[in-house]
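Engineer: Sequence plus predicted model, see below.
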Amino acid sequence: MRLKGVVLLLALGSFSAYYVYEPIPDEIEQPWKLMLTSSLFRSLSHLADFSELLGLKDYMGVMYFITLAEWVVPVSDEHVQVTEEHFDGVEVVLYQPKQLGGDPELRSAVIYLHGGGWCLGSSRMSPYDLLARRMVTDLDAVVLSVEYRLAPAHHFPVPYEDVYRVVKHFLQKGVLAQYSVDPGRIAVSGDSAGGNLAAAVSQQLQQEPGHQVQLKVQALLYPVMQALDLNTPSYQQNRDMPILPRTLMVRFWSEYFTSDKALFWAMMANTHNSPESAGLLKFVNWSAFLPESYRGKYNYSAPAVVRRAGGEGATVDGPSQSIADPRASPLLVPDSTLRSLPKAYVLTCEYDVLRDDGIMYVTRLRSAGVEVTHEHYDAGFHGALMFTVWPTDFLIAQRMTDNYVRWLKENL
Ligand SMILES: *[C@@H]1O[C@H](CO)[C@@H](O)[C@H](O)[C@H]1NC(C)=O
Ligand SMILES: *[C@@H]1O[C@H](CO)[C@@H](O)[C@H](O)[C@H]1NC(C)=O
């Protein structure tokens with residue numbers, strides 16, 4: 001009996017040590033808080049794997065708990081009027097400054113796209129709700145937070161197309177007038193997967209002739225920019241970093257396109273490129289687009305290109321068209337498409353698998369002549385800006401929010 005107890009204690013001890021302790025880089029502030037936060041995420045991820053294995057609930061279904069845990073009902077307060085609407089059939093949460101009477105002056109607007117790997121997250125999570133209110137009061141802006149549909153129930157391009165429909169609907173002169181929005185002062189912005197959608201929709205709008213209203217700026221917070229090379233130096237360096245380890249990012253990418261696990265495994269091995277995407281690898285060549293300081297000790301080798309016509313692994317062929325689609329990977333466009341894009345703000349974090357996605361976009365936008373403000377956080381980790389709510393509140397989130405909102409104030 002005694003022995004059993006000891007074994008149980010040892011097992012529990014190593015279990016919690018495994019879950020809680022993980023090496024955190026020295027630069028990161030509040031390391032214990034991050035370790036605890038990360039252990040919650042990882043426990044949930046293991047539970048999700050287990051649940052999927054047992055056939056109870058699929059992985060993302062369990063991970064969605066993260067979204068539900070921070071769910072709020074957005075309500076009006078003394079400064080902000082909040083309404084839930086449908087724009088061209090897509091749900092949006094609309095935040096407007098409260099009018100003190102008289103004819104309202106024209107205001108700026110921010111179309112905001114939440115993160116969560118296209119599979120998780122919601123406008124109705126408290127960090128997004130708080131950020132929207134902050135933008136309304138600090139910028140005197142109308143904020144449109146888009147509740148696009150999510151994978152895996154809705155694979156690419158549904159989440160993207162939902163966003164595009166909302167943006168097209170909003171950018172009509174008549175609709176803008178209804179909300180007292182100045183057509184010359186509209187931003188699109190988002191974090192992580194939301195940054196991906198923001199970049200993609202900015203490109204798509206420029207390519208469509210004859211739209212009435214142009215975006216003034218795009219603000220991308222640690223955006224996901226490409227699915228072709230999942231072994232950039234930042235993917236290698238931050239493979240096991242808290243919040244977004246490489247496995248989870250690969251999982252998000254593969255679930256965005258398909259529920260077929262073959263793509264997940266091919267992406268894990270970075271062997272998911274097919275002849276369709278091979279010609280586009282030049283657009284994500286980090287040897288060319290990453291400054292020396294970020295390339296570090298890593299030597300470039302181009303991802304393998306695998307032909308999968310029939311035979312084993314042939315199922316990966318299905319989404320290969322989508323993988324090469326710039327609406328999913330906005331880095332995959334030529335300079336001629338980048339040239340006409342609005343002024344950009346790009347935030348990147350050192351301890352983030354997506355660091356190099358953002359930096360490569362900065363390099364490519366600048367060489368195409370687009371004005372870019374690049375803010376890189378040496379002590380930053382993925383998702384940091386959204387950690388504003390107790391008990392997972394981080395000091396760095398406040399600094400990031402302040403700088404981001406200040407940039408919008410000065411440039412929108
Ligand atoms: C990547 O860029 C380097 C030079 O920076 C070049 O030598 C190499 O051929 C390029 N590879 C691809 C796949 O574009
Ligand atoms: C990169 O290449 C150099 C020169 O060939 C070599 O000395 C170094 O060990 C390589 N680094 C890695 C991480 O493979």
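Structural biologist: That came in fine, so what should we check first? Ligands and ions are numbered 1, 2, ... in the order given.

Engineer: give me the element the residue in the stretch 301-412 of the chain that ligand 1 sits nearest to is part of.
Structural biologist: Residue of the stretch 301-412 of the chain nearest ligand 1, by Cβ to the nearest ligand atom: Ala302 (4.0 Å). Any C-beta I mention is one placed from the backbone N, CA and C, and that applies to glycine too. Under the criterion DSSP states H and E, no helix or strand holds Ala302.

Engineer: what residues does the stretch 201-350 of the chain put near ligand 2?
Structural biologist: Lys297, Tyr298, Asn299 (Cβ under 6 Å from any ligand atom).

Engineer: Low-confidence regions, the stretch 151-300 of the chain specifically.
Structural biologist: Counting by pLDDT under 70, the stretch 151-300 of the chain contains no low-confidence range.

Engineer: Ala344 belongs to a strand?
Structural biologist: Yes: under DSSP: H, G, I helix; E, B strand; the rest coil, Ala344 falls within a strand.

Engineer: Surely it and Leu220 touch.
Structural biologist: Yes: the pair Ala344 and Leu220 passes the contact test of Cβ atoms under 8 Å, sitting 6.7 Å apart.

Engineer: Need the residues touching each of those two.
Structural biologist: Common neighbours of Ala344 and Leu220, using Cβ atoms under 8 Å, 6 or more residues apart in numbering, do not exist here.

Engineer: Between the two, point out the one with more neighbours.
Structural biologist: It is Leu220, of Ala344 and Leu220, that has more neighbours when counted by other Cβ atoms under 10 Å, with 32 against 23.

Engineer: quick revisit: tell me the spacing between the residue of the stretch 301-412 of the chain closest to ligand 1 and Tyr235.
Structural biologist: 14 Å (Cβ to Cβ, to the nearest Å).

Engineer: Looking at the two, which has the bigger crowd around it?
Structural biologist: Taking neighbours as other Cβ under 10 Å, Ala302 and Tyr235 compare with Tyr235 leading, 22 against 16.

Engineer: Grab the nearest non-local neighbour of Gln398.
Structural biologist: Thr388 (7.1 Å; Cβ to Cβ, 6 or more residues apart in numbering).

Engineer: In this structure the one you found contacts Met125, no?
Structural biologist: No: the pair Thr388 / Met125 is not scored as a contact, 10.7 Å apart, by Cβ under 8 Å.

Engineer: Which of these two has more residues huddled nearby?
Structural biologist: Counted by other Cβ under 10 Å, Thr388 and Met125 do not tie: Met125 has more neighbours, with 24 against 19.

Engineer: Could you give the bridge partners of the more buried one?
Structural biologist: Under the criterion DSSP bridges, Met125 forms beta bridges with Trp71.

Engineer: from this structure, which residue is nearest to ligand 2?
Structural biologist: Closest point on the chain to ligand 2, by Cβ to the nearest ligand atom, is Asn299, at 3.7 Å.

Engineer: mind checking how far that residue is from ligand 1?
Structural biologist: As judged by Cβ to the nearest ligand atom, to the nearest Å, Asn299 and ligand 1 stand 11 Å apart.

Engineer: which regions of the stretch 301-412 of the chain sit below the pLDDT cut-off?
Structural biologist: Looking at the stretch 301-412 of the chain by pLDDT under 70, you get 309-318.

Engineer: residue boundaries of the strands in it?
Structural biologist: Per DSSP state E, counting those that start in this stretch, the stretch 301-412 of the chain carries strands over the ranges 343-351, 372-381.

Engineer: cool, and the stretch 101-250 of the chain?
Structural biologist: So, for the stretch 101-250 of the chain - with DSSP E, counting those that start in this stretch - the strands run 107-113, 141-146, 181-191, 217-221.

Engineer: In a markdown table: those, plus distance to Ser254.
Structural biologist: Below are the strands of the stretch 101-250 of the chain laid out as a markdown table (distance: least, Cβ to Cβ, whole Å):
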| stretch | distance to Ser254 |
| --- | --- |
| strand 107-113 | 21 |
| strand 141-146 | 23 |
| strand 181-191 | 21 |
| strand 217-221 | 22 |
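
Engineer: Redo the ones you listed as TSV? Include distance to ligand 1.
Structural biologist: Compiled in TSV, the strands of the stretch 101-250 of the chain are given as follows (distance: least, Cβ to the nearest ligand atom, whole Å):
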stretch	distance to ligand 1
strand 107-113	30
strand 141-146	35
strand 181-191	28
strand 217-221	24
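
Engineer: and Asn273, which of those strands is closest to it?
Structural biologist: strand 217-221 (24.2 Å; Cβ to Cβ).

Engineer: residues making contact with that closest one?
Structural biologist: 115, 187-192, 194-195, 198-199, 202, 341-347, 358, 361, 385, 400, 404, 407-408, 411-412.

Engineer: Quick one: residues contacting the residue nearest to Gln398.
Structural biologist: Taking Cβ under 8 Å, 6+ apart, one finds Pro127, Leu130, Leu131, Phe394, Ala397, Gln398, Thr401 in contact with Thr388.

Engineer: Looking at those residues, state which has the most neighbours.
Structural biologist: Result: Leu131 is most packed of those (other Cβ under 10 Å), 26 neighbours.

Engineer: list the contacts for that residue?
Structural biologist: Per Cβ under 8 Å, 6+ apart, neighbours of Leu131: Tyr112, Leu385, Met386, Thr388, Thr401.

Engineer: so how far is Asn411 from the last one?
Structural biologist: Between Thr401 and Asn411 the distance is 16 Å, computed by Cβ to Cβ.

Engineer: Assumed Pro23 was part of a helix.
Structural biologist: No: counting by three-state DSSP, Pro23 is not found in a helix; it is coil.

Engineer: and it, how many residues sit next to it?
Structural biologist: 9.

Engineer: now it: how far from ligand 1?
Structural biologist: For Pro23, the distance to ligand 1 (Cβ to the nearest ligand atom) stands at 32 Å.

Engineer: Just read off the phi/psi values of that residue.
Structural biologist: Taking degrees, to the nearest 10, you get phi -60, psi 130 for the backbone angles of Pro23.
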